[in-house]
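S.K.: Okay, sequence plus prediction incoming.
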Amino acid sequence: MPKPHAYRFCFGPWNLSEGQDPYGPPTRPAQTFDWKLNKLKELGFDAMMFHDDDAVPDVDNKSAAQLRQEAKELKRKLDDGGLVAEIVAPRLWFDPRTVDGAYTNTDPKCRKYAIERSLRCIDIANHLDCDLIVLWLAREGSYLRESKNARKCMDYLVQAIDRMLAHDPKVRIAIEPKPNEPMDQAYIPTIGHALALANLTRDPDRVGCLIESAHALLAGLDPADEIDFACTFGKLWSIHLNDQNGLKFDQDKPFGSANLRVAFNQVRALERNRYGRKGEYVALDVHPFRTTKVEHWTLHLENSRRTFLRLVDKARTFPEAEAQALIDERNYGALDQLVIEHLLGQ
Ligand code: GLO
Ligand code: MG
């Protein structure tokens, strides 16, 4: 199938995961970063997403000179493969100092660590020639409301983002909201929250968002409406497409796997907002089904891209005039069936 020129695709090394879950060990043997990068290239993807420590392992224990040298080596590797880094995200949920929150930790020493780590992440991004930092605010929330002062936490979040914006006058920050997991309740659960927070920072024009389909669904929202909302503000700078079967743990299923119509509407929303025309990527934050064999390890990525492109075709061939006539008549029964028949095909 021809690739519509406007869409470029990426994924992260964590999307070739080994199958470990809270109840059991890996189901596939560990692979090196280079193996994953080669797969990405072989599959014809355009870019890779990175956590700071995907790019430079053990980032906390390296000097600025080491960060620079290792990041530059990676940059050469990417250049050689004709690839770029789409985003770099500080991993602010693994270190013991982030156990009760990173920017919103109640301990000032831990908050200081989180900010310093984020600035190092920006330095790595700079070495990779990437100006977009993603903040998945994994532990910025609480297990019980009495354990933290949410009002203060909002100030801490703004202060942290301000420090990042001041560190590099060109960097842009995309907040990736998620309503829960690992926390009971996250402080920034939706795109509305992310954009409201952006507005309090020292340079709101450089703070936008990243929508993940599964995260919107976990918040009880339709990801297509979240896309239109973010695009209304010109703030959708990346997107993690995947799928989610109801209110469970974050499943990161292949795009369209649980609900094809919800996937169709996301693609339609991206099309009408001309997503990708300013260089934004379609990122597939999907995981293999746990018991996937080694020889089928990349199918979730290939299939998600394929489904996406087939839905682009469905969006472009949707009988708009017929649909509009039914909307004018308020004949929603027929409109509903028109969508179903279109998706089913001949
Ligand atoms: C987890 C998130 C995670 C982020 C990634 C980039 O639920 O979706 O995969 O997207 O860490 O920050
Ligand atoms: Mg994600």
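M.R.: In hand now; what should we look at? Ligands and ions are numbered 1, 2, ... in the order given.
S.K.: Please enumerate the strands of the stretch 201-346 of the chain.
M.R.: Here the stretch 201-346 of the chain has its strands, by DSSP state E, counting those that start in this stretch, at 207-212, 236-241, 282-284.
S.K.: of all these, which lies closest to Leu43?
M.R.: Among those, strand 282-284 comes nearest to Leu43, with 10.5 Å by C-beta to C-beta. Quick note: C-beta positions are derived from backbone N, CA and C, even for glycine.
S.K.: Work out the sheet partners of that closest one and label each with its direction, please.
M.R.: If you go by DSSP bridges, strand 282-284 pairs up with strand 9-11 (parallel), strand 236-241 (parallel).
S.K.: So which of the ones you listed is nearest Glu302?
M.R.: Of all these, strand 9-11 comes closest under C-beta to C-beta, at 10.3 Å.
S.K.: Turn the strands paired with strand 282-284 into TSV, including mean pLDDT.
M.R.: Converted to TSV, the strands paired with strand 282-284 look like this (pLDDT from 0 to 100):
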stretch	mean pLDDT
strand 9-11	98
strand 236-241	99
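S.K.: before we move on, the earlier item: could you export the strands of the stretch 201-346 of the chain as JSON lines, including mean neighbour count and distance to ligand 1?
M.R.: Shown next, in JSON lines, are the strands of the stretch 201-346 of the chain (neighbours: other C-beta atoms under 10 Å; distance: least, C-beta to the nearest ligand atom, whole Å):
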{"stretch": "strand 207-212", "mean neighbour count": "27", "distance to ligand 1": "5"}
{"stretch": "strand 236-241", "mean neighbour count": "25", "distance to ligand 1": "5"}
{"stretch": "strand 282-284", "mean neighbour count": "27", "distance to ligand 1": "8"}
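S.K.: Next to ligand 1, which bits of this protein? Give me the list.
M.R.: Listed as neighbours of ligand 1 in the chain under the rule C-beta under 6 Å from any ligand atom: Ala89, Val134, Trp136, Glu176, Lys178, Glu212, His240, Asp250, Asp285.
S.K.: State the number of residues packed around the fourth one.
M.R.: In this case it means Glu176. Using other C-beta atoms under 10 Å, Glu176 is surrounded by 23 other residues.
S.K.: what's across from it in the sheet?
M.R.: Per DSSP bridges, the residues bridged to Glu176 are Trp136.
S.K.: got TSV for the strands of the stretch 201-346 of the chain, with distance to Pro13 too?
M.R.: Output for the strands of the stretch 201-346 of the chain, formatted as TSV (distance: least, C-beta to C-beta, whole Å):
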stretch	distance to Pro13
strand 207-212	17
strand 236-241	15
strand 282-284	13
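S.K.: Redo those as CSV? Include distance to ligand 2.
M.R.: Converted to CSV, the strands of the stretch 201-346 of the chain look like this (distance: least, C-beta to the ion, whole Å):
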stretch, distance to ligand 2
strand 207-212, 4
strand 236-241, 4
strand 282-284, 8
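S.K.: Which of those sits closest to Cys130?
M.R.: Set against Cys130 and scored by C-beta to C-beta, the strands of the stretch 201-346 of the chain come closest in strand 236-241, at 11.4 Å.
S.K.: who touches that closest one?
M.R.: Residues from elsewhere that reach strand 236-241 (C-beta atoms under 8 Å, 6 or more residues apart in numbering): 86-87, 132, 134, 172, 174, 176, 208-215, 227, 230, 255, 263, 266, 270, 273, 275, 280-286, 304, 308.
S.K.: what angle sits between that strand and strand 207-212?
M.R.: Angle, strand 236-241 to strand 207-212, by axes from the mean of the first three to the mean of the last three C-alpha atoms, to 10 degrees: 20 degrees.
S.K.: Redo the residues of the chain next to ligand 1 as CSV? Include distance to Lys314.
M.R.: Shown next, in CSV, are the residues of the chain next to ligand 1 (distance: C-beta to C-beta, whole Å):
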residue, distance to Lys314
Ala89, 31
Val134, 29
Trp136, 30
Glu176, 27
Lys178, 28
Glu212, 22
His240, 21
Asp250, 27
Asp285, 22
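S.K.: Longest helix of the protein, counting residues only.
M.R.: helix 108-127 (DSSP state H).
S.K.: who touches it?
M.R.: 50, 52, 55-56, 59-60, 64, 67-68, 71-72, 75, 85, 87-90, 92, 95, 97-98, 100-105, 131-133, 156, 160, 163-164, 167-168, 171.
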